[in-house]
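1. Below is the sequence, then the predicted model.
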Amino acid sequence: MHALNLALDLNRTTLSLAERLADLAVDALIDEADLSPKPALVDRRGSGAHSDLHLGLMHASALSLWPAFKEMAEAALEFGVIGQPLREAVGRIGREGEAAMMRSTNGVNTHRGAIWALGLLVTAAALAPGDASAAAISLRAARLAVIDDRHAPQQNSHGATVAQRYGARGAREQAQLGFPAVTQFGLPQLQRSRAAGHGEQNARLDALLAIMTTLADTCVLYRAGEAGLEAMQQGAQKVLDAGGSASLGGRRCLNELDQQLLSLNASPGGAADLLAACLFIDSLEPALGHSSRNV
C-alpha cells in the first residue's frame with residue numbers, strides 16, 4: 001500500500017500545472033455532484049428536481065470539461081497577464097468546452113454555470129500559482145470577469161430571462177464581485193464545520209447551505225420565482241441555525257428544505273456551481289505545492 005501511494009504521488013508530480021488544475025476542477029465538480037443529501041439537487045439519492053439529469057450524466061459532463069480547463073490554464077501561462085486577449089481566449093475555450101459538454105450529455109445543460117465560474121478560477125490560479133489564497137484567486141478571477149468578451153454571442157439563457165424579470169445577474173455578477181458567496185459564506189462555513197469536527201461531508205453540506213442563505217440563485221428564480229428564492233434562503237439558514245447537517249435537528253430541517261424545494265420544483269443549481277468553486281479554491285494551496293514547481 002505504501003508503494004502504491006508513493007507511485008501515485010510521483011505520478012502527480014509529473015503532471016503539468018495546467019493538467020493538475022484541470023484535475024482539481026473536475027474533481028470539484030464530481031465531489032459536488034456526489035455530495036448527499038443536497039436539497040432538490042442531483043446526488044447519490046437521485047435526480048432531485050431535475051427530470052433530465054442523473055449522477056452518471058453529471059460525472060460524464062465533468063470529465064468532458066477537462067480539456068477546456070487545461071486549455072484555459074495554458075492560455076493563462078501563455079499570455080501571463082490579465083487583459084482582453086486572455087479574457088477572449090478563455091471565453092472561446094469556454095464556449096468550445098460547453099459544446100463538448102453538450103455532446104457528452106446529448107444536449108442536456110449540466111454545467112454551463114460551472115464552466116464560467118471554474119474556468120475563471122482555473123485561469124486565475126494558473127496566472128500566479130505561488131499565490132493560491134482564496135482572496136488572491138478570487139480577485140484575479142474578478143479582474144478577468146469584468147473585461148468584456150467582444151466575441152461572446154448574445155444568448156437567450158435562463159440567466160438572461162431572470163436578469164430581465166428580477167434584476168438578478170447571477171453567475172456573472174458573482175464572478176465580477178470576486179465570488180462573495182464563496183469567500184464570505186461558503187469557505188468560512190466549510191472551515192468552521194471542519195474545526196467543529198462535523199466530518200468532511202457534513203462540512204461541505206454546511207458550505208452549500210451557507211452559500212444558499214444569501215445567493216440570488218437564478219436557477220431557483222427561473223423555476224420558482226421570488227417565493228422559491230425566499231424558501232431556499234430561509235430554509236438553508238434554518239438548517240444552520242439548528243446546528244448544521246451534522247446535528248439531528250439540522251438534518252430534520254434539511255429534509256424539510258429538500259421536500260419544500262422539490263414541491264416548488266426549485267433546484268439551487270447556482271449554489272451547486274458555487275460549491276464546486278468553493279471546493280476548487282479549498283483544494284488549491286495543498287495541491288499546488290507540487291504543481292507550481294512543474295510549470
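-> Structure received.

2. Pro67 and Gly94, how far apart?
-> Using CB to CB, to the nearest Å, Pro67 is found at 12 Å from Gly94. Quick note: C-beta positions are derived from backbone N, CA and C, even for glycine.

3. Between these two, which is the more surrounded one?
-> Neighbour totals were compared for Pro67 and Gly94, and Gly94 leads with 24 against 14 (other CB atoms under 10 Å).

4. host element of that one?
-> helix 84-104 (DSSP states H and E).

5. roughly how far is that helix from the heart of the chain?
-> Remark: helix 84-104 is offset 17 Å from the chain centroid, using CA atoms, centre = their mean, to the nearest Å.

6. One more: stretch 67-82?
-> For stretch 67-82, the gap between its own C-alpha mean and the chain's C-alpha mean amounts to 19 Å (CA atoms, centre = their mean).

7. and Ser157, what pLDDT?
-> pLDDT, the model's per-residue confidence, is 64 for Ser157.

8. circling back to that earlier point, buried by neighbour count: which residues of the helix holding Gly94 qualify?
-> Buried residues in helix 84-104, defined by neighbour count with 16 or more other CB atoms under 10 Å: 86-95, 97-98, 100-102, 104.

9. Stretch 36-55 too?
-> By neighbour count on 16+ other CB under 10 Å, the buried set for stretch 36-55 is 37-43, 47-50, 53-55.

10. Any idea how far apart the tips of that stretch sit?
-> Distance between the two ends of stretch 36-55: 11 Å, counting by CA to CA, to the nearest Å.

11. How about residues contacting that stretch?
-> 33-35, 58, 108, 110, 201, 205, 208, 212, 223, 232, 235-236, 254-255, 257-258, 261-262, 265-269, 272 (CB atoms under 8 Å, 6 or more residues apart in numbering).
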